[in-house]
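1. structure for the following, please:
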Amino acid sequence: MMEIRDFRFLEAVAETGSVTRAAARLGCVQSNVTARLRKLEDRLGQKLVERVDGRMVPTAAGTLALDYGARIVRLCTEAEDRLRSAADLWPPLRLGSMETTAAVRLPPLLKAIRTRLPGLRLDISTGTSGALMAALAKGGIDVAFVAEEAADARFSCQPLWEETLVEVRPPAAEPDGAAIVFRAGCCYRARLQSLFGDLPALEMGTLDGIMGCVAAGLGRTLLPAAAVERWRSAGEVTTRALPPDQAQVRTMAVFRPASPSRRSIDAVLALVVP
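-> Model prediction:
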């Protein structure tokens with residue numbers, strides 16, 4: 001593969017018109033310039049420079065190579081400048097969140113981030129607690145907002161919010177005997193099974209999908225009260241309180257202690273309002 005240094009050698013020869021003067025500019029011996037050019041020409045399969053009236057000038061292919069080289073160098077310079085600027089501000093942050101947390105808790109936090117950390121580049125993904133912890137372990141995300149039961153001792157953890165779980169049911173009739181749940185790895189799903197037994201599961205990928213199925217009488221689910229308030233207020237579902245020892249669940253921020261994005265993680269977590 002061609003290197004930026006190859007273009008530097010070709011540029012020096014084209015601008016000075018001489019291998020000898022190009023070597024002096026580059027601070028190397030003449031044979032090094034000649035060998036580098038010959039290797040590049042062999043790789044590309046065509047002459048890049050030729051001698052005209054005693055000067056080394058680029059051929060048509062050489063002119064094209066110089067054009068590409070100038071653009072590549074410009075992009076590399078721009079990338080270095082952008083990355084150095086980012087290092088002076090906030091490291092980019094990949095945040096993974098449970099679907100219910102994203103629906104209820106993230107909007108105020110994102111508004112605070114936009115106001116207080118305007119230079120932070122933030123990428124957000126959603127999933128079950130289990131899936132998010134797997135992504136964190138593989139380096140796919142930098143911080144995960146998950147249920148406390150999913151937290152792993154290998155990572156640092158910080159409590160964020162206390163949620164009250166409720167049983168969510170259809171508004172008028174007894175629900176069918178199914179659990180409307182997120183995919184495997186959801187801690188709320190595990191809590192529902194411990195309370196109501198191993199019901200047939202209807203898996204959905206979104207909060208809207210789960211609530212639509214419950215409203216249609218297809219089954220019941222277990223979710224934070226704050227996440228279902230919109231549907232409850234509209235009369236689309238009803239909720240029932242759970243036994244106190246089963247109702248509380250804590251959302252945690254989980255991250256690597258030595259994460260390259262640690263400065264951004266700490267800044268974001270400092271904006272969380274319990």
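2. if you count neighbours, what's buried in the host helix or strand of Tyr188?
-> According to DSSP states H and E, Tyr188 maps onto helix 187-196. Under the neighbour-count criterion of 16 or more other C-beta atoms under 10 Å, helix 187-196 has 187-192 buried. Where C-beta positions appear, they are placed from N, C-alpha and C, glycine not excepted.
3. same question for stretch 138-157.
-> Quick answer for stretch 138-157 (16+ other C-beta under 10 Å): 141-148, 150-151, 155-157.
4. same check, this time on stretch 257-271
-> 259, 261-262, 264-265, 267-268.
5. over to stretch 105-125?
-> By 16+ other C-beta under 10 Å, the buried positions in stretch 105-125 come out as 105-106, 109-110, 113, 117, 120, 122.
6. now, which of those residues sits nearest Trp231?
-> Ranked by distance to Trp231 (C-beta to C-beta), these are led by Arg105 at 17.2 Å.
7. how about the closest one, nearest residue that isn't a chain neighbour?
-> Leaving aside its sequence neighbours, Arg105 sits nearest to Trp161 (C-beta to C-beta, 6 or more residues apart in numbering; 5.8 Å).
8. surely that neighbour and Leu106 touch.
-> No. At 10.8 Å, Trp161 does not count as touching Leu106 under the criterion of C-beta atoms under 8 Å.
9. circling back to that earlier point, for Gly235, state which of the buried residues of stretch 105-125 is nearest.
-> Checking the buried residues of stretch 105-125 against Gly235 with C-beta to C-beta, the nearest one is Arg105 at 24.5 Å.
10. please tell me how far the longest strand along the chain is from the chain's geometric centre.
-> Secondary structure of the chain per DSSP state E: the longest strand is strand 156-169. Taking C-alpha atoms, centre = their mean, to the nearest Å, one finds strand 156-169 lying 23 Å from the centre of the chain it belongs to.
11. C-terminal to it, what's the next element?
-> As assigned by DSSP H and E, the chain's next helix or strand after strand 156-169 is strand 179-181.
12. gap between that next one and the chain center?
-> 28 Å.
13. just stretch 103-118 next, same as before
-> With C-alpha atoms, centre = their mean, you get 16 Å for stretch 103-118.
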